[in-house]
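[1] Turn this into a structure:
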Amino acid sequence: VRWMMYWIVFALFMTAETFTDLLISWLPFYYEVKMAFVIWLLSPYTRGGSLLYRPFVHPTLGPREKGPKPGGLGGLGDIDALLVRARERGYETALHFGKRGLNLAATAAIQAAIESQGALAGRLRSFSMQDLRSLPEQA
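    Now for the predicted structure:
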């Protein structure tokens with residue numbers, strides 16, 4: 001549970017930092033303070049992740065995690081319903097792009113076979129009996 005709290009708070013911190021980094025990175029000791037904050041979040045002695053998770057993140061995520069919702073799926077909460085939908089859409093998308101990739105590969109293979117057949121026929125000679133008779137005999 002401690003690691004879950006840390007990773008959620010760390011992910012939120014990294015998301016916020018992505019947008020604010022350009023604005024405040026010019027401050028003196030910015031990177032040192034950022035490193036000290038991450039160590040504070042991670043440390044088992046300070047338990048910074050849980051200190052931020054319990055009062056700020058949990059009240060926001062908790063109500064959306066469990067319980068029947070009017071827009072949710074059955075008895076799933078908002079987060080679980082979103083995960084189910086993402087899994088279904090991901091499966092459908094993988095099937096769609098898989099079929100499309102197979103069609104492209106089959107088309108490319110057929111085109112390569114057609115083009116190479118013409119080139120191959122032009123390079124090879126037919127070895128019929130008449131062609132063999134026309135060759136000079138060697139000793």
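
[2] measure the spatially most central residue of the chain to residue 50 for me?
    The centre of the chain sits closest to residue 90, judged by CA atoms, centre = their mean, with a distance of 10.3 Å. Using CB to CB, to the nearest Å, one gets 32 Å for the distance from residue 90 to residue 50. Yep, even glycine has a C-beta here, placed from its N, CA and C like the rest.

[3] what's the longest helix in this protein?
    With secondary structure taken from DSSP state H, the chain has its longest helix at helix 78-123.

[4] Check which helices and strands it is in contact with.
    Helices and strands touching helix 78-123, by 3 or more CB pairs under 8 Å, 6 or more residues apart in numbering; DSSP states H and E, are helix 58-65.

[5] and the helix it packs on, how far from the chain's centre?
    Its chain's C-alpha centre lies 26 Å from the corresponding centre of helix 58-65 when counted by CA atoms, centre = their mean, to the nearest Å.

[6] how many neighbours does the residue nearest to residue 61 when sequence neighbours are not counted have?
    Using CB to CB, 6 or more residues apart in numbering and skipping the chain neighbours, the partner closest in space to residue 61 is residue 79 (7.1 Å). Using other CB atoms under 10 Å, residue 79 has 15 neighbouring residues.
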